[in-house]
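> Requesting a structural model of the entry that follows:
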Amino acid sequence: MDANIIINCIAGTLEPSPEVRTAAEQQLRELSATPGFLGSCLDILVNSNTPEGLKKATAVYFKNRIVRFWRESSRQGTIDHDEKPIVLDRIIPVVIQSDYHIKQQLIPVLRVLITYEYEKWNQLLEIVAQLLQGGTKEEIYTGMLCFSEIARKYKWVENSDRKNLDNIIVQVFPHLLTMGSSLIKNEIDEFSAEILKLILKVYKFVTYYDLPEPLQNKDSIFAWGEFHGAVINMPPPAYVLNSNMSEQEKSMLQISKCYKWAISNLYRLFTRYASRNLSRKFHYSEFHELFLNEFMPHFIANFLSIIEQYCQGKRWLSTTSLFKLLEFLSHCVVEKSTWILIKPYYETLISHLIYPLLCPSDESLELFDEDPVEYIHLCFDPNHEYDSPEKAALALLATFVYKRKKTTLVPIITFIHQQLNSLKDQPETLEVAKKKEGALRMLGSISGDLVSHGASEVGEFRDQMEPFLDMFVVPCLTSKYGFLQARALEVVSLFSDIEFSNEATLSALYHGIIRNFDESKQHEISLPVAFEAALALQAFLIRNDFKQVLAGLILPTMSKLLELSNDIDSDAISMVMQECVEHFSEQLQPFGVDLMTKLVTQFMRLAIEINEASNVEVDEIDDGFDDQGDKVMAALGFLNTMITVLLSFENSREVCIKLEEIFSQVISYVLVHELDDFLAEIGELMENSTFLTRSISPVMWQQFKLLYLSFEKGVALMYVEELIQCLQNFLIYGREELQRNQELSGMFFKIFGIIVGCEDTAYNELVNGFELAQTFILVLEQQSKPYIPEIIEQVLSKYGNNDEESTGKSLETNCHNVLIASLVYDPNSTMVLLQQSGKLFVFLNKWFSNIPKLARVYDLKLTILGLLSLGGLESDDSTLAEVSRNLLLSLKKLPVALENLEAKRRNFNELSQSQVDEEDVNEILIGQVDVGTEADDEAEEDDTDKYIKFLNNEDIKLSGYFDEKDDEDLYEDPLASTALDQMNVYTFVKQFIDNINGSARFNLMFGDLNDEDKQVVIKIMEGV
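Okay, the predicted model is just below:
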């Protein structure tokens, strides 16, 4: 293939003209399917006359072709089979000749080729070995790129499955040590640092999941331990110290990554192979003892020395390296043998490392003003993924308290008190505010240990927290520095459940929260302050006196919360709004329509952004599209708040209908654009709306049609469990429309077929599918006859096969119920089909034997209708006698079942409150495991050991618990509707008896009853 044609196409894709660019992209797609295309791309990359911009664009296109289509072809592209060997032969020479930037594009290519072709790439190891022995840095660098990808292939593989790895380690790793030591001794630059980083990553990959045998011996441990220590001790080069780059930019330098990976490798060895932990799979006793006894004392001393230099300003550490160091120290606190080494220094670490790190830097305060959303993520979101030193410092502090509480808690709270007390009377300058922020952040991180119920050692602190907050925290709610206000709001939220006795303290505290929702001061309130004020509001909703204060301000408060949710995509704000609706539903009802409209607007904004991001081409993902996780969670929060608003109008059908019209666009958008993240919630919206109105509006029928299309496409099929009650409501409340509209009933029948029609349909989906089928038949009544044969065929294919699935009580009961419903409305066809299948007597025997066990009203009503239908058919005397016996038994059980159901409905709230309280569970677990409360840190058995023993004991208790299927009675939801709720079965019984009265059938069925059974029949005939 002529490479010039490709170059011209690549150049065309970079043109500003859309027409030229589109034409070039189309031609490039056509050329890429032609044999020889990839080889021509490689020609372009090594041609010195090719402009650099076109080389880079070619490398990107080449990379994407390999990554997307090397393993599997698709409609979008394919790679010619004969061209693959050419790519394998040429790729490494091309990487060698390419400049650094092109090499970076080709690294994913090497990864794909080594992942899928390693075993067949016979000369690869030989080529890599030659490169590692090469005379130029370019050759060595390319060799390391290849070798690191070879090592990556073994990252998640056990030693037993690592063919040839031990031989590779024996042959290559000594050379890597020599090469790495040489790099450390000489003046290092970024290129050399990257080679050093690759050596560290090779070690990481081969030791990450399992520890290779050649690396377990003492000589190897010493050699590689000294090497990692030498990397960590390298003085930072001048090009870093003299740079004007930000700390975040410096952390991306290769030298910073060397420090990070050296510490990270040691941390991984420590936690995985030299610690007691719940996930440990491999036990290497010799390595464990050697690492802990001979290495850890030196490593810890070295790390503490580096930290001392850092605290004194004598040593620079990148943010990533500092994070890894703090993470390492946290695990040292957990392990008993290393805690002994850390314990003498923990107070110094708290005062000179943790506290200064938690005081905000100038960079973070710039974020407060310039990017408040990012500031919230970094400074208030514990789940934010950024590995900041502040996050690691908080984790270390929490570990001190959680694991070594008796030793550390009092000194830590004393230190916090000293800092805040020394700052209390000083003029509030920026520096003073920063220090207060650091101390409050420390206080917040250990708050759970200060207020926990049932912990005798912290009871004293809990009693003292009110004056502590009054003196040091509440005044910060009105600080002139917004960052300190936000932190104070967070801290008071964490102590919302303590007992307050001082009304002045409570008044100041409440005012400090609510003032942030004052419309006249909105221009003064920063986003982080408003965000934390919202969370504080949620925290104090547990207090009745606070709710009384807020009740009069709930409307402007909700308005502010809605504005806030527009400024930051966070599900936390949605949860606050949801709780406000639950607590103040009466006050908010006059504004329900307006509130729902605003919630829909907010959701639609996010849903459109999420949909646009999901439709981005794979090659454009890095082009300004952020991760959508936060937006999805925020959108889910809006949906849940919509549900809460809707439920608050359960006594106003007219308002529910209006709300339905408003949120219907949400349902349409989710279903049309296949946003499956939200299917469960929109199902719940439809379920609750149809339940509250007890009808299916034309708007909802349109949504049903979209839901049907979603099932056809297979999207909704993944959410059958979540959508089943919604579908049931469409059947129950749409009965009349379904009976006269064959299009709608046909859609329901097809949905049933989609759910149960697969060979590998899961057990729960079969149960749900058959629940839907029986309701479908009962709702359509006589109109169900055309569908019954196919429904019965599906049921019989799953029924009575003596396999494990068929023995489940839920499935068997629902299979019976489908057959019984069919018997009610098409008895003749049902009996014929059962007889033809050879399962008639199996069904009748199982049905009759289960009747004494029935307890649900629905099951008993359906059984009565089925027995009446069966009793009307021509049957032998023994069958009619059995029908009579079971009919009377069911009629006697039904009044009891009805009474029990009504009792459940009356007592539903009491039943909900009878669940075990979360605090009780925590106390049980704490009592059994005794986490983090050592009487003597050095002598007492380690918590992890105790916890492992506890889990082992529990495992023994639970063994075999799940071996048998749960055979408890089927649950009867007191709030759920069924197709038989409005049916008076006694009417049908009376009609049946009237029809056969005086006949031989009557005498056979009712002619020889005992007194009790006679009274049952008499009451029914008399209409009692």
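
> domain parsing for this structure?
360-386+432-569, 570-614+626-718, 854-924+969-1023 (the TED database).

> Now the last one: average pLDDT?
Think domain 854-924+969-1023. The pLDDT scores in domain 854-924+969-1023 average 82.

> how about JSON lines for the domains of the chain, with mean neighbour count and distance to V818 added?
All C-beta spots, glycine's among them, are computed from the backbone N, C-alpha and C. Formatted as JSON lines, the domains of the chain follow (neighbours: other CB atoms under 10 Å; distance: least, CB to CB, whole Å):
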{"stretch": "domain 360-386+432-569", "mean neighbour count": "18", "distance to V818": "45"}
{"stretch": "domain 570-614+626-718", "mean neighbour count": "19", "distance to V818": "19"}
{"stretch": "domain 854-924+969-1023", "mean neighbour count": "15", "distance to V818": "10"}
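
> Which residue ranges of the stretch 351-500 of the chain form helices?
Along the stretch 351-500 of the chain, the segments classed as helices by DSSP state H, counting those that start in this stretch run 355-358, 362-370, 372-380, 389-403, 405-424, 430-445, 447-451, 459-468, 482-494.

> can you give me the angle the fifth one makes with helix 430-445?
Here the directions of helix 405-424 and helix 430-445 differ by 150 degrees (axes from the mean of the first three to the mean of the last three CA atoms, to 10 degrees).

> which parts of helix 405-424 are buried?
K405, T407, T408, L409, I412, I413, F415, I416, H417, Q419, L420, L423 (16 or more other CB atoms under 10 Å).

> just the fourth one next, same as before
Taking 16+ other CB under 10 Å as the basis for neighbour counts, the residues of helix 389-403 that come out buried are 389-397, 399-403.

> returning to what we had before: now the domains of the chain in JSON lines, with distance to F770?
Converted to JSON lines, the domains of the chain look like this (distance: least, CB to CB, whole Å):
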{"stretch": "domain 360-386+432-569", "distance to F770": "41"}
{"stretch": "domain 570-614+626-718", "distance to F770": "16"}
{"stretch": "domain 854-924+969-1023", "distance to F770": "13"}
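
> and these, which one is worst for confidence?
domain 854-924+969-1023 (a mean of 82).

> Which neighbouring elements make contact with the helix ranked longest in the chain?
Looking across the chain with DSSP state H, the single longest helix is helix 877-906. For helix 877-906, the packing partners by 3 or more CB pairs under 8 Å, 6 or more residues apart in numbering; DSSP states H and E come out as helix 840-850, helix 857-871, helix 985-996, helix 1000-1006, helix 1011-1021.

> Adding distance to P235 as columns, could you present those in TSV?
Converted to TSV, the helices and strands packed on helix 877-906 look like this (distance: least, CB to CB, whole Å):
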stretch	distance to P235
helix 840-850	80
helix 857-871	78
helix 985-996	89
helix 1000-1006	100
helix 1011-1021	96
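
> between these, which gets nearest to M642?
Nearest to M642, of all the helices and strands packed on helix 877-906, is helix 857-871, at 30.2 Å by CB to CB.

> In a markdown table: the buried residues of helix 389-403, plus pLDDT and distance to I66.
Converted to a markdown table, those look like this (pLDDT from 0 to 100; distance: CB to CB, whole Å):
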| residue | pLDDT | distance to I66 |
| --- | --- | --- |
| P389 | 93 | 38 |
| E390 | 93 | 40 |
| K391 | 92 | 37 |
| A392 | 94 | 38 |
| A393 | 96 | 43 |
| L394 | 94 | 43 |
| A395 | 94 | 40 |
| L396 | 96 | 43 |
| L397 | 96 | 47 |
| T399 | 95 | 44 |
| F400 | 96 | 49 |
| V401 | 94 | 51 |
| Y402 | 91 | 48 |
| K403 | 93 | 48 |
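
> Name the nearest residue to V699, sequence neighbours excluded.
S664 (5.0 Å; CB to CB, 6 or more residues apart in numbering).

> related to what we said a few turns ago, what angle do the longest helix of the chain and helix 857-871 make?
Going by the same axes, to 10 degrees, helix 877-906 makes 160 degrees with helix 857-871.

> now helix 877-906: how far from the chain's centre is it?
Offset of helix 877-906 from its chain centre (CA atoms, centre = their mean, to the nearest Å): 45 Å.

> low pLDDT regions in the stretch 51-200 of the chain?
73-77 (pLDDT under 70).

> ranges for the helices of it?
Using DSSP H, counting those that start in this stretch, helices in the stretch 51-200 of the chain cover 52-69, 84-97, 100-117, 124-132, 137-152, 165-185, 190-207.

> list the helices and strands the shortest one packs on?
The one in question is helix 124-132. Using 3+ CB pairs under 8 Å, 6+ apart, helix 124-132 sits against helix 84-97, helix 137-152, helix 165-185.

> Once you drop chain neighbours, what's closest to F368?
Using CB to CB, 6+ apart and skipping the chain neighbours, the partner closest in space to F368 is Y375 (4.8 Å).

> on that earlier part again, and the domains of the chain: which comes nearest H283?
With CB to CB as the measure, domain 854-924+969-1023 is the member of these nearest H283 (31.3 Å).

> Work out the gap between that closest one and the centre of the chain.
Distance of domain 854-924+969-1023 from its chain centroid, counting by CA atoms, centre = their mean, is 44 Å.

> Please work out which of the helices and strands packed on helix 124-132 is packed deepest.
Of all those, helix 137-152 carries the top mean neighbour count, a mean of 21, counting by mean count of other CB atoms under 10 Å.

> what's the angle from it to helix 190-207?
Using the same axes, to 10 degrees, helix 137-152 lies at 20 degrees relative to helix 190-207.

> And for helix 137-152, what's in contact with it?
92, 95-96, 103, 107, 110-111, 114-115, 118, 124-125, 127-132, 134, 168, 172, 179, 191-192, 194-195, 198-199, 201-202, 205-206 (CB atoms under 8 Å, 6 or more residues apart in numbering).

> In ChimeraX, select just the buried ones from the residues you listed.
ChimeraX command restricting those to the buried ones, with burial defined by 16+ other CB under 10 Å:
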select :92,95,96,103,110,111,114,124,125,128,129,131,132,168,172,179,192,194,195,198,199,201,202,205,206
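
> Touching, L541 and A551? I think so.
No. Judged on CB atoms under 8 Å, L541 makes no contact with A551 at a distance of 11.0 Å.
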